[in-house]
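Enquirer: structure of the sequence below:
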Amino acid sequence: MRSRAVRHAGRCIGLVAIVGVPGAAYAQDVQTSVVASVGGSAESNPYNDTNSHGAAVAATADVRGTVVARDDRTTVDVTGWASFRQFLRRYGLEDSYGVNTDISSRQSDRLTLRGSGSFSYSVGGFSGYGRPSLSPVDPTSIIPDPTQPDPLAGLNPLTGLSDANILGQRTRFTSYGSGVGADMQLGARSSASLDLSARALRFALTSYDDYNTYSGQLQLNHRLDELFSVGLIGTLTKTNYLSLRQGDARTAELLASVDRRLGSHWSLNLGLGASFTKIDGRGGLPDTNFTALSARLRFCWQDESSNLCLGALRSPQPAADGNVRVSDTLTADYSLRLSARENLSVSGAYSRTGRGRTAAIGGGAPAIDFVNASVRYDNQISKKLTAFVASNFSKSITSGLRRRPNVGISMGLQVRIGTGQ
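Expert: Okay, the predicted model is just below:
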């Protein structure tokens, strides 16, 4: 297992070098930053187990490096990270690694091309979501900037939070993602975005089902005035479960969208519509078809010292138990600058993976709920050094299973260096 982790870490470093260094070599402006944290944590039930063994204490370390290279037309943004949590007993070492790359190139005043790729090798369900973190809460990692276009649909972080099967669990998984996109200006007030993406998830536990997803999205937008725009978003998604006993699925989704600036502080991005899903039958069994309400929401407020962002997503998503289910995610993030050196951030989320749809393919499986809340306080000791303390609560809820909630606290020091700090 350790040699595998080292190989994955090497791949992350190699990918950063392959993608980031050439961009840096030719860019007019290159910024780099490294954020490293060390500390300790204590938790009551680290992996939301049914049989908790009491409090667990761990030494923790995180490191995250970013290279951003720009010229007049192109921006290359590469981020690599590694996280380590050494428990003093029972659980041993938890290590996770990842790399993300985003490329944007303006071809003309009317056309911008984009590309994105990601890799992660993680424990704990989507990089330990629902765990005390050594990294500052960053609302944009959950709810994108409402004034900017959506990221590639297949790589939307909200989608990643929707499978409550693995959130907070001691599950090692590997995720690969890639996408390409184009933003086109069709006229003085009209624009269009086209995105194609693919994602692969591989799980260490045989009780979970590996799968690939392929997605295409077309978004049309018309600006009525400087503060108000309307549009349509159409998405086609195919899910391929690699186990022969599982049925593949296809989903078509259509949303009507509204983007609105509400004064100088508030912004609203809302999409409402419907989705249509077909799950292939196998072994002579009939196909399963279902329709569901789909929705996306970002409602944000921001001023000079604080920001608040509420998010929601409802759509069919692949689940690790081999069934495409309707999933719901709600998020809330608030941050406040208390003084020139002090910051407070509060975060909360609820995710629900709906019940299975068919008796043959994951049917009868109960819905799974996951809730999380956290608070973090940061005190900047110097320009490069920050001390922090954070507390966290999380709980996974499944009918017929009793899981104790996880309550945790962490504290430590964080150092930031580089030209992009």
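Enquirer: give me every residue that touches residue 100.
Expert: If you count contacts by Cβ atoms under 8 Å, 6 or more residues apart in numbering, residue 100 has them with 78, 79, 80, 116, 117, 118. Bear in mind the C-beta positions are built from the backbone N, C-alpha and C, glycine included.
Enquirer: in which helix or strand would I find the last one?
Expert: Following DSSP states H and E, the helix or strand that holds residue 118 is strand 111-123.
Enquirer: before we move on, the earlier item: just give me the closest of the contacts of residue 100 to residue 294.
Expert: Of all those, residue 116 has the smallest distance to residue 294: 22.8 Å, by Cβ to Cβ.
Enquirer: from what I can see residue 121 touches residue 83, true?
Expert: No. Using Cβ atoms under 8 Å, residue 121 is not in contact with residue 83, being 10.6 Å away.
Enquirer: who touches both of the two?
Expert: 96, 97.
Enquirer: in the stretch 51-200 of the chain, which spans are strands?
Expert: With strands called from DSSP state E, counting those that start in this stretch, the stretch 51-200 of the chain shows them at 56-70, 74-87, 93-106, 111-123, 172-185, 190-203.
Enquirer: buried set for the helix or strand following the last one?
Expert: I take that to be strand 190-203. Next in sequence after strand 190-203, counting helices and strands by DSSP H and E, comes strand 211-223. Neighbour-count burial for strand 211-223 flags 211, 212, 213, 214, 215, 217, 219, 220, 221, 223 (criterion: 16 or more other Cβ atoms under 10 Å).
Enquirer: which residues does the first one bridge with?
Expert: Beta-bridge pairing of residue 211, defined through DSSP bridges, involves residue 201, residue 241.
Enquirer: do me a favour and average the pLDDT over the strand holding residue 118.
Expert: Mean pLDDT, strand 111-123: 89.
Enquirer: note down every partner strand of it and its orientation.
Expert: Strand 111-123 is paired, per DSSP bridges, with strand 93-106 (antiparallel), strand 172-185 (antiparallel).
Enquirer: which of the contacts of residue 100 lies closest to residue 338?
Expert: Nearest member of the contacts of residue 100 to residue 338, counting by Cβ to Cβ, is residue 79, at 27.7 Å.
Enquirer: from residue 43, how far out is the closest one?
Expert: 27 Å (Cβ to Cβ, to the nearest Å).
Enquirer: surely residue 260 is in a strand?
Expert: Yes. Assigned with DSSP: H, G, I helix; E, B strand; the rest coil, residue 260 falls within a strand.
Enquirer: that one bridge partners, please.
Expert: Here residue 260 sits in beta bridges with residue 228, residue 268, going by DSSP bridges.
Enquirer: mind checking pLDDT for it?
Expert: At residue 260, the model reports a pLDDT of 92.
Enquirer: residue contacts, it?
Expert: With Cβ under 8 Å, 6+ apart, residue 260 has these contacts: 227, 228, 229, 267, 268.
Enquirer: pretty sure residue 375 sits against residue 391.
Expert: Yes. Contact criterion Cβ under 8 Å: residue 375 and residue 391 qualify, at 5.3 Å.
Enquirer: returning to what we had before: with mean pLDDT as new columns, can the strands paired with strand 111-123 be given to me in CSV?
Expert: Converted to CSV, the strands paired with strand 111-123 look like this (pLDDT from 0 to 100):
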stretch, mean pLDDT
strand 93-106, 90
strand 172-185, 91
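Enquirer: returning to that earlier point: possible to save the contacts of residue 260 as a markdown table with distance to residue 291 and pLDDT?
Expert: Formatted as a markdown table, the contacts of residue 260 follow (distance: Cβ to Cβ, whole Å; pLDDT from 0 to 100):
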| residue | distance to residue 291 | pLDDT |
| --- | --- | --- |
| 227 | 34 | 89 |
| 228 | 30 | 92 |
| 229 | 28 | 94 |
| 267 | 30 | 90 |
| 268 | 26 | 91 |
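Enquirer: pLDDT below threshold where in the chain?
Expert: Within the chain, the ranges that satisfy pLDDT under 70 run 1-27, 51-53, 124-169, 244-247, 282-284, 356-365, 400, 420-421.
Enquirer: which residue ranges of it form helices?
Expert: 2-26, 157-160 (DSSP state H).
Enquirer: in contact with the closest residue to residue 388 other than its chain neighbours, which residues are there?
Expert: Among residues not flanking residue 388 along the chain, residue 378 sits closest, at 4.8 Å (Cβ to Cβ, 6 or more residues apart in numbering). Taking Cβ under 8 Å, 6+ apart as the criterion, residue 378 is in contact with 136, 342, 343, 344, 345, 386, 387, 388, 414.
Enquirer: do you know how far the last one is from residue 386?
Expert: Read it as residue 414. 5 Å.
Enquirer: now for residue 177: which residues touch it?
Expert: 116, 117, 118, 119, 154, 155, 197, 198, 199, 200.
Enquirer: how close does residue 369 get to residue 277?
Expert: Taking Cβ to Cβ, one finds residue 369 at 21 Å from residue 277.
Enquirer: okay, those two: which has more neighbours?
Expert: For residue 369 and residue 277, the more surrounded residue by other Cβ atoms under 10 Å is residue 277, and the numbers stand at 22 against 17.
Enquirer: looking at it, the more buried one is touching residue 287, isn't it?
Expert: No. The criterion here is Cβ under 8 Å, and residue 277 misses it with residue 287 at 10.3 Å.
Enquirer: now the strands paired with strand 111-123 as CSV including distance to residue 353?
Expert: Listed next are these as CSV, based on distance: least, Cβ to Cβ, whole Å:
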stretch, distance to residue 353
strand 93-106, 22
strand 172-185, 15
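Enquirer: so what's the residue count around residue 286?
Expert: With neighbours defined by other Cβ under 10 Å, the count for residue 286 comes to 10.
Enquirer: how close does it sit to residue 326?
Expert: Taking Cβ to Cβ, one finds residue 286 at 20 Å from residue 326.
Enquirer: what's the answer for residue 295, then?
Expert: 11 Å.
Enquirer: how about residue 321, phi and psi?
Expert: Here is the backbone geometry of residue 321 (degrees, to the nearest 10): phi -90, psi 10.
Enquirer: sweet, I'm off.
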